[in-house]
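Visitor: give the three-dimensional model of this entry:
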Amino acid sequence: MGEGMCATVDGKLYDGEVCAAYAADSMAENAAQREIEYQEQWELENA
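Guide: Numbers count the residues shown, from 1 in each chain. From the prediction side, this is the model:
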């Protein structure tokens, strides 16, 4: 990971690959949304 980037570890156990894949997809969507919000805020503060 690059400077300023972070990673998370999900310690949950899932019943199968499909459940784990849905959870991973949801986590990725949440991370993407947080990044969008961060970038929007940064642009407002640095415009």
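Visitor: neighbours of Cys19, just the number please.
Guide: 12 (other Cβ atoms under 10 Å). C-beta: built from backbone N, CA, C; applies to glycine.
Visitor: residues in contact with the residue nearest the centre of the chain?
Guide: Centroid-nearest residue in the chain: Ala31, 1.9 Å away (criterion: Cα atoms, centre = their mean). Residues in contact with Ala31, defined by Cβ atoms under 8 Å, 6 or more residues apart in numbering, are Thr8.
Visitor: just the pLDDT at it, thanks.
Guide: pLDDT recorded at Ala31 is 88.
Visitor: and it, how far from Glu3?
Guide: 17 Å (Cβ to Cβ, to the nearest Å).
Visitor: cool, and Glu29?
Guide: On the measure of Cβ to Cβ, Glu29 and Glu3 end up 24 Å apart.
Visitor: so these two - more neighbours on which side?
Guide: Glu29 (10 against 4).
Visitor: what sits against that one?
Guide: Glu29 neighbours (Cβ under 8 Å, 6+ apart): none.
Visitor: tell me how many other residues crowd Tyr38.
Guide: Count around Tyr38 with other Cβ under 10 Å applied: 10.
Visitor: the strand or helix carrying it: how far from the chain's middle?
Guide: Using DSSP states H and E, Tyr38 maps to helix 17-45. Mean-position distance between helix 17-45 and its chain equals 4 Å (Cα atoms, centre = their mean, to the nearest Å).
Visitor: buried set for it?
Guide: By neighbour count on 16 or more other Cβ atoms under 10 Å, the buried set for helix 17-45 is empty.
Visitor: and the contacts of stretch 33-45?
Guide: Residues contacting stretch 33-45 (Cβ under 8 Å, 6+ apart): none.
Visitor: dump it to PDB, keeping only the CA atoms.
Guide: What follows is stretch 33-45, C-alpha atoms only, in PDB (Å, rounded to 0.1, in the frame of the first residue of the first chain):
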ATOM      1  CA  GLN A  33     -17.800   5.600  -1.100                       C
ATOM      2  CA  ARG A  34     -15.600   6.800   1.800                       C
ATOM      3  CA  GLU A  35     -12.800   7.600  -0.700                       C
ATOM      4  CA  ILE A  36     -15.300   9.600  -2.900                       C
ATOM      5  CA  GLU A  37     -16.400  11.600   0.100                       C
ATOM      6  CA  TYR A  38     -12.800  12.200   1.200                       C
ATOM      7  CA  GLN A  39     -11.900  13.500  -2.300                       C
ATOM      8  CA  GLU A  40     -14.900  15.700  -2.400                       C
ATOM      9  CA  GLN A  41     -14.100  17.200   1.000                       C
ATOM     10  CA  TRP A  42     -10.500  17.700   0.000                       C
ATOM     11  CA  GLU A  43     -11.400  19.500  -3.200                       C
ATOM     12  CA  LEU A  44     -13.700  21.800  -1.200                       C
ATOM     13  CA  GLU A  45     -11.000  22.600   1.300                       C
END
